[in-house]
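**Student:** dropping a prediction and its sequence here:
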Amino acid sequence: MKVYNSLSRKIENFKALEQGKVTMYTCGPTVYNYVHIGNLRTFIFYDTVKRALKLNDYKVKHVMNITDVDDKTIKGAIERRMSLKEYTELYANYFLEDLNKLNVDMDTKFTKATDNIDEMQKIIVKLVKEGYAYEADDGVYFNVSKFKDYGKLSGMKVDGSYSRIKNDDYDKENASDFALWKYWDANDGEAYWKGELKKGRPGWHIECSAMSMKYLGKTIDIHCGAVDLIFPHHENEIAQSESYSKQKFVNYWLHAEHLLVNGQKMSKSLNNFYTLKDLEGQGFNPLSFRLMAIDSHYRNKLDFNFENLRKYEKLLAKIDLSIKALNKVEKYEEKEDNYSRVQTKQKVEKVIELFKEAVNNDLNTHEALQHFLSLLDLADEKTKKGKIDNNEFSVLSTAISKANDVLGIYIDYKIPEEIIALAEEREQKRREKQFIEADLLREKISENGYSIADLTGTFVITKKYLD
């Protein structure tokens, strides 16, 4: 498996610290608002990395932080007159709902910053003691000049003209001493902790270092994020973590590019800021957005627009129909191997081989998706005949399932009994050539959110998608 390592700035063969096991940390959301589709593109990328590792038989220990204390969360909670816990839990739950809708593998340790304050204080105290950090009037700061490798990820250089900065987000052009611990002031309200440090709260950057080292160890295999986190966040994580542990923090840094909307940066001021709920409100299935993200390489910018999303909605409908049809078509049993069986097996094995090669080539999900669709084309060839040999069905369905385990673009679902009853009644009307009555039943099925497609000798019911 090959990946592009942002640290070395080249594609490398992935080698885990421990054979068969991978430790992976990913930067999660700051829960002060709904996550937008740009965030979700990154979270789909994380999911793809994990699924690709599992394809290669790795057992993945995945930790994702939920930042529930920072400048934005405190400000939002005070404005809404809610406690910090109440405010952040609201948006954390919305975030987890979005992940479920996007079929993200939830085999993940989600950990909140506020549950790990003691670990953060422990690191900060040691950094001060060893001279990597210092106390100022308003908090404790990391001295970037003390870490000789500062800039090794981002290329940012410490040239002596840097300053000190308290804000979590700051000028991307300057290396600055950054806040590890912020002393309480009136603007923080009830958001403060005591302990080994003066009354206050953590800076953003120390949160991820503490949680990564606590749950995964001082050196981990993979750390993922969006490209805008390379500096300052990930650069600062490296500095404070390696100064504390005296060990390499991360072996492979993987970063996803930005999502644009019609070629522009997403912004509320441009009225092009979208959440998953916005897409659903226009009738789109959330998986159509996942499909769009999968069809773009993670290191390329993804240009979102609704016209393209509609194309992926149609493709999702086709995928659904192909899989449902394969499962529904009549099965029969050949007594021995024949040419068709052998040919199908050979074709499927070749496609799966190409699929895995694409995934292992720096997560080329665009190419992998094309191979997945070619499996569905093979399935369609069989279902159009009205029946399929059990052996060929098993070969095809197993391969489709294996590929989907990586792409995550299809979720199976059950059709309600009342919809099945309407479809069977419609089929009977068609056989009796009562086509007007049959059409009325089709409309009734559609009104209930389902579509019906006629195949040779049978019918298939799927969810209804946007036209």
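**Tutor:** Happy to help now that I have it.

**Student:** and the closest residue to residue 199 other than its chain neighbours, backbone torsions?
**Tutor:** Nearest non-adjacent residue to residue 199, counting by C-beta to C-beta, 6 or more residues apart in numbering: residue 184, 4.7 Å away. Yep, even glycine has a C-beta here, placed from its N, CA and C like the rest. Main-chain torsions, residue 184, degrees, to the nearest 10: phi -60, psi 140.

**Student:** got it, and residue 202?
**Tutor:** The phi/psi pair for residue 202 (degrees, to the nearest 10) is phi -80, psi 150.

**Student:** how much space between the residue lying closest to it once chain neighbours are set aside and residue 36?
**Tutor:** Of all residues beyond its chain neighbours, the one nearest residue 202 is residue 120 (4.7 Å), with distances taken as C-beta to C-beta, 6+ apart. As judged by C-beta to C-beta, to the nearest Å, residue 120 and residue 36 stand 28 Å apart.

**Student:** neighbour count winner among these two?
**Tutor:** Each of residue 120 and residue 36 has its neighbours counted (other C-beta atoms under 10 Å); residue 120 has more, 24 against 18.

**Student:** now do the SS call for the more buried one.
**Tutor:** With DSSP: H, G, I helix; E, B strand; the rest coil as the basis, residue 120 sits in helix.

**Student:** how about the strands in the stretch 251-400 of the chain?
**Tutor:** Assignment of strands within the stretch 251-400 of the chain using DSSP state E, counting those that start in this stretch yields the ranges 259-261, 264-265, 302-304, 330-332, 387-389.

**Student:** show me which positions of the last one end up buried.
**Tutor:** Judged by neighbour count (16 or more other C-beta atoms under 10 Å), strand 387-389 contains these buried residues: 388-389.

**Student:** what does stretch 265-277 give?
**Tutor:** Neighbour-count burial for stretch 265-277, counted by 16+ other C-beta under 10 Å, picks out 266, 274-276.

**Student:** show residues contacting it.
**Tutor:** Here stretch 265-277 makes contact (C-beta atoms under 8 Å, 6 or more residues apart in numbering) with 34-38, 40, 98, 101-102, 258-262, 264, 286, 289, 304.

**Student:** chain center to that stretch: distance?
**Tutor:** Here stretch 265-277 is found 19 Å from its chain centre; the criterion is C-alpha atoms, centre = their mean, to the nearest Å.

**Student:** mind starting the numbering at 340 from now?
**Tutor:** Yes, from this point I'll number from 340; that puts the last item at stretch 604-616.

**Student:** endpoints of that stretch, how far apart?
**Tutor:** In stretch 604-616, first residue to last residue: 19 Å (C-alpha to C-alpha, to the nearest Å).

**Student:** low-confidence ranges, this structure, go.
**Tutor:** Counting by pLDDT under 70, the low-confidence segments of the chain come to 499-502, 504-513.

**Student:** domain map for it?
**Tutor:** Domain segmentation of the chain under automatic domain parsing yields 341-595, 651-746, 756-802.

**Student:** can I get those domains in CSV with distance to residue 633?
**Tutor:** Formatted as CSV, the domains of the chain follow (distance: least, C-beta to C-beta, whole Å):
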stretch, distance to residue 633
domain 341-595, 7
domain 651-746, 5
domain 756-802, 19
